[in-house]
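Participant: Task: produce atomic coordinates for the following.
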Amino acid sequence: MPLIRSFRAQLTALYLAFFSLLFVLFSIFLYSELSRSLVARLEDTLASEADTAAVLFPDEFQEEKGDAAAAAREVVGELKVRGDFVSIREGAHVLAASPQSAPGPRGRTATRTLQAGGRTYQIAVAASLDTVDAELAVVRRAIFIALPLILALAGFGGYALATRSLRPLGWMAEQARRITGSNLETRIQIDHPAEELAVLVTSFNELLSRLDQSFDTMRRFVADASHELRTPISVIRGEADVALSQERSPAEYRESLAVVLDESRRLSLLVDDLLNLARADAGHVTLQTHDFYLNELLAECCRSVQGLAHTRGLQLECRSGSDLQFTGDEQLLRRLLINLLDNAIRYTPSGGTVTAVLEAGAASVQLRVSDTGIGIAPTDAARVFERFYRAGEARSRQDGGFGLGLAIVRWIAESHRGTVECTSQLGRGSTFTVTLPK
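Facilitator: Take a look at the predicted model:
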C-alpha cells in the first residue's frame, strides 16, 4: 500500500521528483561544461603566453648579444603582468623564473622548445587551478541556494496543477453520489472536458445506461414473473375454496382436482423455466455434451409435435436431410427445437404450414423453423427473445405460453456458441434461424 493515499499528493510528489531529477541532471551538466570551459580557457591562455615568450626570447637574445640569462630575465619580466609562473631553461639549468612558486600537481603548464645561438631552450608557462576553483565555487553556491527555492516553487506549482486537473473528477464524484436506483436515467455532465476525461465520462454514462436497462429489465421481469405466478396460484386457490365451500360429489371433487393438477403442472413448468434461466445467468449450467445425429433429433422433434399440428389443422414439413453428426447437449437442443416448433404451431392459423429445415455448411449448421402465421411487427421482432415479452395482443396468455420459450431458445443457442435470428412479416409468417458452429 502506498504511503501517500491522496492521488493529488501522489501526482505532486511524482512531478516534484521528476522535476528535481531534471534540475539536478541539468545542474551537473551545466557545472561540468562550465568547468571544462574554464580549464580550456586557462590552457589556451597559457599556450598563448608560451607562444609569446617563444617569439620574444630570440629578439632579446640578440639585443643582449648572446647573453641567454639576461634575455631570459627580460622575457620573464615582460610576462609577469598576469601572474602566471614562467621559467626558461637550458637543459637542467634554470636561466630565469618568476618569483612566485611553481603551481602544484593540479596546475596546468604550456611548454615550448626553441633554438637560439645554436643552443636549445625550453620555455614553460604554468598556472594554478585556484582561480577556476573559485569561479566554480560561486556557481556551486548559486545552485545550492537556488535548488530549494526552485523545488519549493515546483512543488507548489505541481500541487496547483494536480488540483486543477483533478477538479473535474470531483465534479463527477459529486454527480455520481446523487445517482441512485430511482434516477439511473441521470447522466454525468462535464463542460468542455479534456479528451481523457471525455472518454471517462462517456464510459461511465454507458455504464449507467447498461445499469438502467438492467434495472428496468429486472423490474419488468419481477413484475411479469409475479403476474405469471399469481394466475395459476389464484386458480388453484379459487378452485380449492369452491370445492371446500360445501359438500360435493366425487365427480365434482375429481373435476376440481383436475383443474388444480393442470394449473400445478403449468406452475411447475413456469418455475422450472425461471430456475433454468436463473442458473444460466449465474453460469451454473454445465452442458452435457456428446456426439449424436442432429438430423435424427430434428425428425424426432417433428414427430412429437405432429399431433398438435394435426389438431390445429396445420401441415408440418420436416427436411432433416442426410446424417449429420454433431457434438452438443442433446436434451437442451431438443428443447430448443420443441420451443421453436411449438411457437410456430401456436401462432399459425388453421390451414397454414410449419416447416423445419436442417442445413449444413462448411463451418456451421443452421436449424430453420418457418411458419405462415400471424407474423411479428418490425418493432417487436428485436424484442421477442426478451423474457415474458409478447409481441402484440394476439400473443396473449390464453394461448398457454409464458413468454419464456424464445428466451430459453436464445440461451441454449448462445450456450453452444451459436446465434438465433428472427425475420418476420405481419400476416405472412416468421422464420427463426439458429446457427451453430460445427
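Participant: Can you show me the helices along the stretch 101-250 of the chain?
Facilitator: Counting by DSSP state H, counting those that start in this stretch, the stretch 101-250 of the chain has helices at residues 130-177, 195-244, 250-282.
Participant: Can you name the element that comes right after the last one?
Facilitator: I take that to be helix 250-282. Of the helices and strands lying after helix 250-282 in sequence (DSSP states H and E), the nearest is strand 289-293.
Participant: so what secondary structure elements neighbour that next one?
Facilitator: Contact here means 3 or more Cβ pairs under 8 Å, 6 or more residues apart in numbering; DSSP states H and E; on that basis strand 289-293 packs against strand 325-329. In this view, the C-beta of every residue, glycine as well, is placed from N, C-alpha and C.
Participant: got the angle for the strand it packs on vs strand 289-293?
Facilitator: 140 degrees (axes from the mean of the first three to the mean of the last three Cα atoms, to 10 degrees).
Participant: Buried residues in strand 325-329, which are they?
Facilitator: 326, 328, 329 (16 or more other Cβ atoms under 10 Å).
Participant: helices and strands around it, which ones?
Facilitator: Using 3+ Cβ pairs under 8 Å, 6+ apart: strand 325-329 touches strand 289-293.
Participant: in its sheet, what does the strand it packs on sit against?
Facilitator: Using DSSP bridges, the strands paired with strand 289-293 are strand 325-329 (antiparallel).
Participant: Without its sequence neighbours, what residue ends up closest to residue 257?
Facilitator: Once flanking residues are discounted, residue 257 sits nearest to residue 243: 8.0 Å by Cβ to Cβ, 6 or more residues apart in numbering.
Participant: got it, and residue 66?
Facilitator: residue 117 (5.5 Å).
Participant: Which residues are in contact with the one you found?
Facilitator: 61, 66, 68 (Cβ atoms under 8 Å, 6 or more residues apart in numbering).
Participant: Give me the neighbour count for the nearest residue to residue 339 once chain neighbours are set aside.
Facilitator: Closest residue in space to residue 339, ignoring its immediate chain neighbours: residue 405 at 4.2 Å, by Cβ to Cβ, 6+ apart. Burial measure for residue 405: 19 neighbouring residues, criterion other Cβ atoms under 10 Å.
Participant: rewinding a little: can you add mean neighbour count and give the helices of the stretch 101-250 of the chain back as TSV?
Facilitator: As requested, those are exported to TSV (neighbours: other Cβ atoms under 10 Å):
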stretch	mean neighbour count
helix 130-177	13
helix 195-244	14
helix 250-282	14
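Participant: The ones you listed into CSV, with extra columns for mean pLDDT?
Facilitator: Below are those laid out as CSV (pLDDT from 0 to 100):
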stretch, mean pLDDT
helix 130-177, 86
helix 195-244, 78
helix 250-282, 77
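Participant: okay if I get these as TSV plus distance to residue 84?
Facilitator: Formatted as TSV, these follow (distance: least, Cβ to Cβ, whole Å):
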stretch	distance to residue 84
helix 130-177	10
helix 195-244	63
helix 250-282	92
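Participant: pretty sure the residue nearest to residue 257 contacts residue 256?
Facilitator: Yes - with contact defined as Cβ atoms under 8 Å, residue 243 reaches residue 256; the gap is 4.0 Å.
Participant: Residue 385 should be in a strand, yeah?
Facilitator: No - applying DSSP: H, G, I helix; E, B strand; the rest coil, one finds residue 385 to be coil, outside a strand.
Participant: one step back: for the residue nearest to residue 339, what are its contacts?
Facilitator: So residue 405 contacts 339, 342, 343 (Cβ under 8 Å, 6+ apart).
Participant: now it: how far from residue 376?
Facilitator: Taking Cβ to Cβ, to the nearest Å as the measure, residue 405 falls 14 Å from residue 376.
Participant: Mind splitting this structure into its structural domains?
Facilitator: 7-132, 195-282, 289-437 (automatic domain parsing).
Participant: Same list (the contacts of residue 405) but as CSV, adding secondary structure, neighbour count and distance to residue 11.
Facilitator: Shown next, in CSV, are the contacts of residue 405 (DSSP: H, G, I helix; E, B strand; the rest coil; neighbours: other Cβ atoms under 10 Å; distance: Cβ to Cβ, whole Å):
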residue, secondary structure, neighbour count, distance to residue 11
339, helix, 22, 57
342, helix, 20, 62
343, helix, 23, 59
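Participant: Any quick ChimeraX command for the buried ones out of the contacts of residue 117?
Facilitator: Applying 16+ other Cβ under 10 Å to the contacts of residue 117, the buried members can be selected in ChimeraX as follows:
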select :61,68
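Participant: mind giving me a markdown table with the contacts of residue 117 and columns for pLDDT?
Facilitator: Below are the contacts of residue 117 laid out as a markdown table (pLDDT from 0 to 100):
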| residue | pLDDT |
| --- | --- |
| 61 | 85 |
| 66 | 82 |
| 68 | 86 |
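Participant: most residues in a single helix of this structure, which one?
Facilitator: helix 7-63 (DSSP state H).
Participant: what packs against the following helix or strand past that one?
Facilitator: Next along the chain after helix 7-63, taking DSSP H and E as the criterion, comes helix 68-78. Packing partners of helix 68-78 (3+ Cβ pairs under 8 Å, 6+ apart): helix 7-63, strand 85-90, strand 93-97, strand 119-127.
Participant: 7 Å - rerun?
Facilitator: Helices and strands touching helix 68-78, by 3 or more Cβ pairs under 7 Å, 6 or more residues apart in numbering; DSSP states H and E, are helix 7-63, strand 85-90, strand 93-97.
Participant: Direction-wise, compare the longest one with helix 68-78 and give the angle.
Facilitator: Angle, helix 7-63 to helix 68-78, by the same axes, to 10 degrees: 140 degrees.
Participant: how distant is helix 7-63 from the center of its chain?
Facilitator: Computed by Cα atoms, centre = their mean, to the nearest Å, the chain-centroid distance of helix 7-63 equals 49 Å.
Participant: So which elements touch that helix?
Facilitator: By 3+ Cβ pairs under 7 Å, 6+ apart, helix 7-63 packs against helix 68-78, strand 108-116, strand 119-127, helix 130-177.
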